[in-house]
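Novice: would you be able to build a 3D model of this:
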Amino acid sequence: MNYYFSKGSFTISELVKVSEFSRPTVTSTVHEALELGYLEELSGTADRRRRDFRPTEPMLEAWRNYCNALLVNPEFSRALKLAQTLISMRELEARSSDLDM
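Specialist: Numbering: from 1, shown residues only. Below you'll find the predicted structure:
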């Protein structure tokens, strides 16, 4: 979802990079989501090899409902804060190691 929110769409290649799944797994999942109406393919890109996708409104609504349900759960909320802290720490460590090079 991060790619969608940052640029309005995403490609299968972008999803493969940010997930731990293989390209065939991501591709089949995207095609299933297309068939179910959770994603739509954007048309009008100049490069025919590039296929951009974005979530449909029902998918975004389901995502919002899911996130809201998680946020009202105190145990999840604490785990989320811990995860955000760990992610921030790893990003800082990666930046400092890049600067040390």
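Novice: could you chop the protein up by domain?
Specialist: 1-55, 57-101 (automatic domain parsing).
Novice: what separates the shortest one from the chain centre, distance-wise?
Specialist: Okay, so that is domain 57-101. How far domain 57-101 lies from its chain's middle: 12 Å, per Cα atoms, centre = their mean, to the nearest Å.
Novice: show the average pLDDT along it.
Specialist: Mean pLDDT, computed over domain 57-101, is 85.
Novice: so R90, which state does it fall into?
Specialist: Under DSSP: H, G, I helix; E, B strand; the rest coil, the three-state class of R90 is helix.
Novice: can you list contacts of the helix or strand hosting R64?
Specialist: Using DSSP states H and E, R64 maps to helix 57-71. The contact list for helix 57-71 (Cβ atoms under 8 Å, 6 or more residues apart in numbering) reads 1, 33, 37-39, 55, 76-77, 80. The C-beta positions use only the backbone N, C-alpha and C, and glycine is treated the same way.
Novice: using neighbour counts, pick out the buried residues of that helix.
Specialist: If you call a residue buried by 16 or more other Cβ atoms under 10 Å, then helix 57-71 has these buried ones: M59.
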